[in-house]
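K.L.:
any chance you could fold what I've pasted below:
(chains A and B)
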Amino acid sequence: MRVTKAFLPTLKEIPSDATMISHRLMLRAGMIRLLGAGIYSFLPLGYRALKKAIQIIREEMDAIGAQEFHLPALNPVEVWDETGRTEAFGDTMFHIKNRPYVLAPTHEEIITSIARSFVKSYKDMPQAWYQIQEKFRNEPRPRSGVIRSRQFTMKDSYSLDATWEGLDQSYEMHSRAYHRIYQRCGLNFFVVGASSGAMGGTGSQEFMVESDAGEDVCAMNDESGYAANLEVATSRVPPVGRVEENPPAEKFATPEARTIDELVEQFGLVEERCAKALVYIVDNSPYLIFMAGNDQLNESKLQAALGANEVRPARDDELGELTGADAGSIGPINLKTNVPQIADQRLEHANGLVSGANENGYHFRNIDFDRDAKITAYYDLRTVQEGEPDPLGGRPLRVVRAIEVGHIFKLGTKYSEAMGATFLDENGKTHPIIMGSYGIGVERILACHIEQSHDEKGIIWHPALAPYHVHIIALKMQSAEVAAAAEDIYARLAGENVEVLLDDRTNVSAGFKFNDADLLGFPVQVVVGERNLKDGKAEIKVRKTGEREKVRIEEVVTRCQELLGELAQA
RNA sequence: CGGGGCGUGGCUCAGUCCGGUUAGAGCGCUGCGUUCGGGACGCAGAGGUCGGAGGUUCAAAUCCUCUCGCCCCGACCA
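P.N.:
Model (predicted):
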């Protein structure tokens, strides 16, 4: 492609609406343009990169024997009603106004409906089905450019198995394919244990790219290899445990102490022996929850522990009605109602605790949870903190922000049961198909790569994703010699199937071309100018390292191929 | 959905508080000429009902009301 023929709207200035580096660079490099909030047009350059990612994914999915589908994005809403997910997705799903259709946010239902009609025997399985297609989600707040948008490209695949061991194998197969995909894309990533969330299922892992702009938070230790989404991360924080003296619980006045910190400070208490009470409404039922000291309740863990769909903190007026006191004075003793009580596992069997008296301005001390509280269950409910000992080797945990680029789920039978997708086993008995679901956000691969591979000048593409491999910068194109040499190199590179862009503009200065080339960031640049042409040479610059070398014109093609090969390995 | 910010030529922005010539700048764009290895220069041009609607006023980009859109923080996130 020639720059004079290409639609390549690069921007010299930073677009004001973009804050994230990858978003800015994608806009500046002319890869994408905003159409509406969370809706992006991919321009030719961006689409070339997107197609590179798609092709890598396709090859790796094919390599594990998965078969490519192309399912409709437009779905009859009845299919979604079958699993109750019309309601579960709620406003997140787009609904068509003039027909009872929805735009699919994912495709478990459609896959299951196909499976139910055609997969009837254990002999029909295992199957792995995938597609690379647009997804639609009515995100309340799209952000970070292409990272969270309302329409995006997803590779989604689904495994169908007759046995749980089969599911494990399908899952492992996908996990290995995902590793290869992200490796080939040059991404620096890690895998974390994750919450299955509202997808349901028996296990899941997320493929993460560390980034300050990420929406997820993970706890990890590089040495032990422990890595988990904060939604499920655990640590070896010791239990609060028991103290020897165990006098009866005793009420005392705490008029100026509403927070744990105030209690600790005013009464010289041990922070973790203050049982902080929280009231949550879990699927419309109230729960009183105790946490040790300033431990943060993890709502994802709470939701998972109670098998709930929705959890929210109680409102101030609800607190009084349920407990008899306001926030800061709530505790296990003398509750106004018999609201169910649960606690974080750190507090199991603990005594010598301080907690609210359910009377504003008063607390109890010497509380023994085994003696004085009616805790029905203890769960791991706390949010792990930076520096805590990891659960594998006790090494300090690092807490980092990350972007989720892939997610693999063991779905189990949630969808097959709901939709009646069953098969007959070798004994003629009916079972629901055992499913897995596996997703990759394709645009996120590009954004994450750019986040990880750029400098102040622009993008630094890995050859695997680069829209073009070689950028020929013809300085002073109106010089017949320069033009001839540039055209010659261009034709020979193209002849070797090297994807090449020739900057053949006559109306811009050298500096402009250099800066555009650095912004676009193709792996190798070839500078053709009068200066080196006198010696029969051109200059080759590696975008990533900035290294330049002078190469005889007839050797340029070979040298470019060598360099690209080296860069592809890195 | 709560909080904050912003909407003025293609882009980045000034002007709005305190209403008053013909609404400005830089970049980009068109034409001509010069230049040509790190975002060149001269000359001549084109391009804006100041997001939209209503109102106040002799007079509105500027004040008031409503509304639409975009961005950021939070909530949410299969």
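
K.L.:
how far away is the residue positioned nearest the centre of chain A from residue A:178?
P.N.:
Nearest to the mean C-alpha position of chain A, by Cα atoms, centre = their mean, lies residue A:404 at 1.5 Å. Residue A:404 sits 12 Å away from residue A:178, going by Cβ to Cβ, to the nearest Å. Glycine gets a C-beta too; all of them are placed from N, C-alpha and C.

K.L.:
go on, residue A:265?
P.N.:
49 Å.

K.L.:
give me the more crowded residue out of those two.
P.N.:
residue A:178 (25 against 13; other Cβ atoms under 10 Å).

K.L.:
what distance do you get for that one to residue A:205?
P.N.:
Where residue A:205 is concerned, residue A:178 sits at a distance of 9 Å (Cβ to Cβ).

K.L.:
between the two, which contacts overlap?
P.N.:
Any residue near both residue A:178 and residue A:205 by Cβ atoms under 8 Å, 6 or more residues apart in numbering counts here, and that gives residue A:408.

K.L.:
check residue A:506 and give its pLDDT.
P.N.:
Predicted confidence (pLDDT) at residue A:506: the value is 92.

K.L.:
which residues touch it?
P.N.:
For residue A:506, counting by Cβ under 8 Å, 6+ apart, the contacting residues are A:477, A:478.

K.L.:
swap in residue A:285?
P.N.:
Applying Cβ under 8 Å, 6+ apart, the residues near residue A:285 are residue A:340.

K.L.:
go on, residue A:424?
P.N.:
For residue A:424, the contacting residues are A:120, A:121, A:122, A:430, A:431, by Cβ under 8 Å, 6+ apart.

K.L.:
and the second one, what are its bridge partners?
P.N.:
With DSSP bridges as the criterion, the beta-bridge partners of residue A:121 are residue A:424.

K.L.:
leaving out chain neighbours, which residue sits closest to residue A:299?
P.N.:
Nearest residue to residue A:299, sequence neighbours excluded (Cβ to Cβ, 6 or more residues apart in numbering): residue A:311, at 5.5 Å.

K.L.:
so that neighbour sits right up against residue A:282, yeah?
P.N.:
Yes: applying Cβ atoms under 8 Å as the test, residue A:311 and residue A:282 come out as touching, 5.0 Å apart.

K.L.:
list just the nearest of the contacts of residue A:424 to residue A:336.
P.N.:
residue A:431 (48.9 Å; Cβ to Cβ).

K.L.:
burial measure for the closest one, as a count.
P.N.:
Counted with other Cβ under 10 Å, residue A:431 comes out at 15.

K.L.:
how many neighbours does residue A:427 have?
P.N.:
Residue A:427 has 6 nearby residues by other Cβ under 10 Å.

K.L.:
confirm it sits in a helix?
P.N.:
No: read with DSSP: H, G, I helix; E, B strand; the rest coil, residue A:427 is coil and lies in no helix.

K.L.:
hang on, the earlier thing: overlap in contacts of residue A:311 and residue A:282?
P.N.:
Joint contacts of residue A:311 and residue A:282 (Cβ under 8 Å, 6+ apart) are A:302, A:303.

K.L.:
these two: who's more crowded?
P.N.:
Neighbour count, other Cβ under 10 Å: between residue A:311 and residue A:282, residue A:282 has more, with 21 against 18.

K.L.:
run through the bridge partners of that one.
P.N.:
Residue A:282 forms beta bridges with residue A:285, residue A:311, as assigned by DSSP bridges.

K.L.:
buried sites along the lengthiest strand in chain A?
P.N.:
When every strand of chain A is counted residue by residue (DSSP state E), the longest turns out to be strand A:398-412. By 16 or more other Cβ atoms under 10 Å, the buried positions in strand A:398-412 come out as A:398-400, A:402-412.

K.L.:
so the residue nearest to residue A:401 when sequence neighbours are not counted, which of the three states?
P.N.:
Nearest residue to residue A:401, sequence neighbours excluded (Cβ to Cβ, 6+ apart): residue A:214, at 4.1 Å. Secondary structure, three-state DSSP: residue A:214 is coil.

K.L.:
count of residues packed around residue A:214?
P.N.:
By other Cβ under 10 Å, the residues close to residue A:214 number 19.

K.L.:
now do the one 4 residues further on
P.N.:
Other residues within reach of residue A:218, judged by other Cβ under 10 Å, total 28.

K.L.:
just list whatever residues bridge to it.
P.N.:
residue A:229, residue A:400.

K.L.:
identify the residues contacting it.
P.N.:
Contacts here follow Cβ under 8 Å, 6+ apart; on that basis residue A:218 touches A:190, A:192, A:208, A:227, A:228, A:229, A:230, A:233, A:399, A:400, A:401, A:402.

K.L.:
same thing but at 7 Å, please
P.N.:
Residues near residue A:218 by Cβ atoms under 7 Å, 6 or more residues apart in numbering: A:192, A:208, A:227, A:228, A:229, A:230, A:400, A:402.

K.L.:
now those as CSV including distance to RNA strand B and pLDDT?
P.N.:
Putting those into CSV (distance: Cβ to the nearest atom of the strand, whole Å; pLDDT from 0 to 100) gives the following:
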residue, distance to RNA strand B, pLDDT
A:192, 14, 93
A:208, 14, 95
A:227, 18, 91
A:228, 15, 91
A:229, 10, 91
A:230, 10, 92
A:400, 15, 92
A:402, 12, 94
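
K.L.:
could you dump those into TSV and include distance to residue A:162?
P.N.:
Below are the contacts of residue A:218 laid out as TSV (distance: Cβ to Cβ, whole Å):
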residue	distance to residue A:162
A:192	29
A:208	32
A:227	32
A:228	31
A:229	30
A:230	35
A:400	39
A:402	35
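
K.L.:
sorry, back to before: only whichever of the contacts of residue A:424 are buried, select them in PyMOL.
P.N.:
Selection of the buried residues among these in PyMOL, burial being defined by 16+ other Cβ under 10 Å:
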select buried, chain A and resi 122
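
K.L.:
who touches the helix or strand where residue A:512 lies?
P.N.:
Per DSSP states H and E, residue A:512 falls inside helix A:510-520. Contacts to helix A:510-520, defined as Cβ under 7 Å, 6+ apart, come from residues A:10, A:28-29, A:457-459, A:471, A:473, A:475, A:503, A:505, A:525, A:543.

K.L.:
who touches stretch A:169-179?
P.N.:
By Cβ under 7 Å, 6+ apart, stretch A:169-179 touches A:60-61, A:63-64, A:126, A:128, A:157, A:159, A:161, A:205, A:207, A:406, A:408, A:410, A:436, A:438.

K.L.:
actually stretch A:441-450, not the one I wrote
P.N.:
Under Cβ under 7 Å, 6+ apart, the answer for stretch A:441-450 is A:22, A:25-26, A:49-50, A:53-54, A:132, A:145-147, A:152-155, A:185-187, A:209, A:211, A:403, A:405, A:459, A:462, A:465.

K.L.:
in helices, which of those residues appear?
P.N.:
Using DSSP state H, A:22, A:25, A:26, A:49, A:50, A:53, A:54 are the members of the contacts of stretch A:441-450 that sit in helices.

K.L.:
tell me the one of those residues nearest residue A:360?
P.N.:
The closest of these, once distances to residue A:360 are taken by Cβ to Cβ, is residue A:22, at 50.5 Å.

K.L.:
if I look at the closest one, how far off is RNA strand B?
P.N.:
11 Å (Cβ to the nearest atom of the strand, to the nearest Å).

K.L.:
domain parsing for chain A?
P.N.:
By the record's domain assignment, chain A is partitioned as A:47-67+A:105-233+A:399-450, A:250-379, A:470-569 (automatic domain parsing).

K.L.:
sounds good, over and out.
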